[in-house]
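In: Need coordinates for the below:
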Amino acid sequence: MAEIIEITESTSELRTLADKVCEQLVTAIVRGDIPPGQKISEPELARTYGISRGPLREAIRHLEGLRLVVRIPHVGARVVSLSPEELVEIYRIREALEGMACRLAAENMSTAEIDSLRQLLYQHEKNIEEIDGRAYFQKEGDLDFHYRIVQSSKNTKLFELLGGELYHLVRMYRYQFSVSKSRPQRALKEHHRILDAIEERDGELAEMLMRRHIGRARRNIEESLNPKNKEERE
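Out: Model prediction:
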């Protein structure tokens, strides 16, 4: 019996270590410290994070489930790297679904939830100012404006898609394409306008503003990936 208890505790400890290192790896991937397409080196990561290969492999499997890592036969695990076409497709999906989430949030958010989200935006503003407006990094979950909007839609299916399956993949590209001199401050202002519309219970305006907000981000991505697009528009 004692032996079984010891194994159970050991397994629990391994999972805790795996969860912790997974959180660290998610942040590193989202920030681009481990860039898209880079091969995952287990020995290197084990040294970097000071853990054994067991919990590290568990963490990598979790990253695969989050769609941040892909395993290629005869090659190994790599950080996901979307093609420009795949990325634009995801942003078009976001335009439609997050717009719908805003409309529903205008109907369903309580005054306390709106006030809390406003305070979060003020904190985001401070964070942007601290790094001289160079990027707009939002921590995950309740510290993420877009996550909170989808959550406040009170629509389970929307949340499963945008808060689950696509969430960290979108976070990764959202952050990495926000690293510019003008985009972070502009994005923050757009967030405030969206929340203003929600506070006024104007679902139609909130939806339009969110769609426009994500549409601008999509065009920014298209121009970054293909400078010719920018030249053609000009």
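
In: how's the chain carved up into domains?
Out: 17-79, 84-224 (the TED database).

In: what's the most buried one of these?
Out: Mean neighbours per residue, mean count of other Cβ atoms under 10 Å, is largest over the domains of the chain for domain 84-224, with a mean of 17. C-beta here means a position set from N, CA and C on the backbone, and glycine is covered the same way.

In: Mean confidence (pLDDT) on that one, please.
Out: The pLDDT scores in domain 84-224 average 87.

In: Can you get me the start-to-end distance on it?
Out: Terminal residues of domain 84-224 are spaced 10 Å apart (Cα to Cα, to the nearest Å).

In: swap in stretch 28-38?
Out: Stretch 28-38: ends 12 Å apart by Cα to Cα.

In: List of residues touching it?
Out: 25, 40, 63, 68-69, 78-82, 137, 168, 171-172, 175-176 (Cβ atoms under 8 Å, 6 or more residues apart in numbering).

In: Let me see the ranges of the strands in this protein.
Out: In the chain, the segments counted as strands under DSSP state E are 69-72, 76-79.

In: Now these in TSV, please, with extra columns for distance to Ala217.
Out: Shown next, in TSV, are the strands of the chain (distance: least, Cβ to Cβ, whole Å):
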stretch	distance to Ala217
strand 69-72	24
strand 76-79	21
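
In: out of the ones you listed, nearest to Lys154?
Out: Across the strands of the chain, Lys154 has its closest neighbour in strand 69-72 (31.6 Å, Cβ to Cβ).

In: Okay, now the sheet partners of the closest one, with direction.
Out: strand 76-79 (antiparallel) (DSSP bridges).

In: pLDDT (mean, whole number) over the strand it pairs with?
Out: 92.

In: Point to the residue nearest the middle of this protein.
Out: Per Cα atoms, centre = their mean, the C-alpha nearest to the average position across the chain is that of Arg171, at 1.9 Å.

In: For Gln185, see how far away it is.
Out: Per Cβ to Cβ, to the nearest Å, Arg171 is found 19 Å from Gln185.

In: With Met210 instead?
Out: Distance from Met210 to Gln185, by Cβ to Cβ: 18 Å.

In: re the thing from before, can you check the pLDDT for the closest residue to the residue nearest to the centre of the chain other than its chain neighbours?
Out: Spatially, and ignoring its direct neighbours in sequence, Arg171 is nearest to Val30 (5.1 Å; Cβ to Cβ, 6 or more residues apart in numbering). Val30 is assigned 87 on the pLDDT scale.
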